[in-house]
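Peer 1: The sequence and its predicted three-dimensional model are supplied below.
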Amino acid sequence: MSILSLARPEIVALKAYSHASWDPALDRLHANELPWRAETDRSLAGLNRYPEPHPHVLAERLAALYGVRADQLLPGRGSDESIDLLLRGFCRAGVDNVVICPPTFGMYAVAARIQGAAVREVPLKAEQGFALDTDAVTAACDANTRIVFLCSPNNPTGNAIEPASITKLLKALAGRALVAVDEAYIEFSGDTSLTGQLEQYPHLVVLRTLSKAYGLAGARVGSLIASPEIVQLLGKVIPPYSIPQLTIEAVLHTLAPVQLTIQRERVAQIVAERERLRAGIAAAKGVRRVWPSVANFLLVDFEAPDRVLAAARDAKLLIRDMRNVSPYSLRISVGTPEQNDRLIRSLS
């Protein structure tokens, strides 16, 4: 059975928008652009011209970064757009549903509700370190379940889901629903990506981003990695010219070998600082628990979270109120050594 049997029939039948042809070797008199650059334009290609409608060079570079084929990857504007594309491509409004495992990234539920898909919640098992309840997720899926969203390492808890649990879920949902695994923080964990299982599980979708470990949150570039059938389908849904030329050039520069060496060094520094910050917070008064984390942040339970938030602001620091997880929870991103020291001092 084709994986596209799970997709919206009208999207499968959709004829994609026919954009202007792309040939940068020719002078362009076919796309209604201005023929002159703006005086302030310092880009390589010229911002007076539309970028490549679906940037193949960028897709090829990202595919090489993640160790997949270019036809398995669809670049988009951050993971948020990948999530939105999945929902628009696979969920019929008022009919289909998705499953999420809170506490987790909030955009899964928001994007689903915008699309008109129902959201079913199967909470992670907090008493087991926020482990995935695989059997409960499987039981929550019915004939109209189209996507199960997982985040590993999970935001906001920081723990990675056991690979065996994900594999068990993939086997249980084969032919029934997509399993979308968000690996936004995987570079900080040292874990192996699930992309190596794409051939075995055509209903697996992996989401990656340059926003975290690569320092390009402002560029807004994510990758949806899946079977070519899914990539081709969602390529009809994503708008042409969705990634700006400046972003394309910034990404290609950032992914140059010299810059990747710097990126790996910074990830290692964040991991070291994460452990130092964890120890410093754990030693402070009023700390109930520092949850284990393999991401670039820590979930911490405080006796008086309001006072901690106020003290952090007094130290010119913003931390995240996560009392939707528990009445005591705050999330703290790992910063520079100086910022982390300031945070630890604020707790006194």
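Peer 2: Yep, it's here.

Peer 1: Please enumerate the helices of the chain.
Peer 2: Counting by DSSP state H, the chain has helices at residues 9-12, 56-66, 78-90, 107-115, 134-140, 163-172, 228-235, 245-254, 257-282, 305-314, 337-346.

Peer 1: Turn these into a markdown table, columns for mean neighbour count.
Peer 2: C-beta here means a position set from N, CA and C on the backbone, and glycine is covered the same way. What follows is those, written out as a markdown table (neighbours: other Cβ atoms under 10 Å):
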| stretch | mean neighbour count |
| --- | --- |
| helix 9-12 | 12 |
| helix 56-66 | 17 |
| helix 78-90 | 24 |
| helix 107-115 | 19 |
| helix 134-140 | 17 |
| helix 163-172 | 17 |
| helix 228-235 | 19 |
| helix 245-254 | 18 |
| helix 257-282 | 14 |
| helix 305-314 | 15 |
| helix 337-346 | 16 |
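
Peer 1: Spit out the contact partners of G116.
Peer 2: Neighbouring residues of G116 by Cβ atoms under 8 Å, 6 or more residues apart in numbering: 91-94.

Peer 1: mind running it again at 6 Å?
Peer 2: G116 sits next to 93-94 when contact means Cβ atoms under 6 Å, 6 or more residues apart in numbering.

Peer 1: Y328 too?
Peer 2: For Y328, the contacting residues are 288, 301-302, 305, by Cβ under 6 Å, 6+ apart.

Peer 1: sorry, back to before: compile the helices of the chain into JSON lines and extend it with columns for mean pLDDT.
Peer 2: Formatted as JSON lines, the helices of the chain follow (pLDDT from 0 to 100):
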{"stretch": "helix 9-12", "mean pLDDT": "96"}
{"stretch": "helix 56-66", "mean pLDDT": "96"}
{"stretch": "helix 78-90", "mean pLDDT": "97"}
{"stretch": "helix 107-115", "mean pLDDT": "98"}
{"stretch": "helix 134-140", "mean pLDDT": "98"}
{"stretch": "helix 163-172", "mean pLDDT": "97"}
{"stretch": "helix 228-235", "mean pLDDT": "97"}
{"stretch": "helix 245-254", "mean pLDDT": "94"}
{"stretch": "helix 257-282", "mean pLDDT": "97"}
{"stretch": "helix 305-314", "mean pLDDT": "97"}
{"stretch": "helix 337-346", "mean pLDDT": "97"}
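
Peer 1: V122: which of those is closest?
Peer 2: V122 lies closest, by Cβ to Cβ, to one member of those: helix 134-140, at 4.8 Å.

Peer 1: Kindly export that closest one (C-alpha atoms) in PDB.
Peer 2: Extracted C-alpha coordinates of helix 134-140, given in PDB (Å, rounded to 0.1, in the frame of the first residue of the first chain):
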ATOM      1  CA  THR A 134       4.100   3.300  23.400                       C
ATOM      2  CA  ASP A 135       1.100   1.100  24.100                       C
ATOM      3  CA  ALA A 136      -1.100   4.000  25.100                       C
ATOM      4  CA  VAL A 137      -0.100   5.900  21.900                       C
ATOM      5  CA  THR A 138      -1.000   2.900  19.800                       C
ATOM      6  CA  ALA A 139      -4.300   2.500  21.500                       C
ATOM      7  CA  ALA A 140      -5.100   6.200  20.900                       C
END
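
Peer 1: before we move on, back to that, of all the helices of the chain, which one is nearest A38?
Peer 2: Nearest to A38, of the helices of the chain and by Cβ to Cβ, is helix 245-254 at 12.4 Å.

Peer 1: Go ahead and measure how far the closest one is from the middle of the chain.
Peer 2: 19 Å (Cα atoms, centre = their mean, to the nearest Å).

Peer 1: on that earlier part again, selecting buried members of the contacts of Y328 in ChimeraX, what would you type?
Peer 2: A single ChimeraX command selects the buried members of these (16 or more other Cβ atoms under 10 Å):
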select :301,302,305
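
Peer 1: With distance to A126 added, can I get the contacts of Y328 in CSV?
Peer 2: Compiled in CSV, the contacts of Y328 are given as follows (distance: Cβ to Cβ, whole Å):
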residue, distance to A126
R288, 13
D301, 11
F302, 16
P305, 17
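
Peer 1: Could you dump the helices of the chain into TSV with distance to A20 added?
Peer 2: Output for the helices of the chain, formatted as TSV (distance: least, Cβ to Cβ, whole Å):
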stretch	distance to A20
helix 9-12	23
helix 56-66	15
helix 78-90	22
helix 107-115	29
helix 134-140	44
helix 163-172	40
helix 228-235	17
helix 245-254	15
helix 257-282	32
helix 305-314	50
helix 337-346	46
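
Peer 1: Just the closest of the contacts of Y328 to R345, please.
Peer 2: Distances from R345 to the contacts of Y328, taken by Cβ to Cβ, are shortest for F302, at 15.6 Å.

Peer 1: Quickly note the distance from the closest one to R88.
Peer 2: The spacing between F302 and R88, counted by Cβ to Cβ, to the nearest Å, is 39 Å.

Peer 1: Need the residues that contact stretch 244-254.
Peer 2: Outside stretch 244-254, the residues that touch it by Cβ under 6 Å, 6+ apart are 43-45, 47, 51, 55, 58, 219, 221.

Peer 1: Stretch 37-48 too?
Peer 2: If you take Cβ under 6 Å, 6+ apart as the criterion, stretch 37-48 is touched by 33-34, 245-246, 249.
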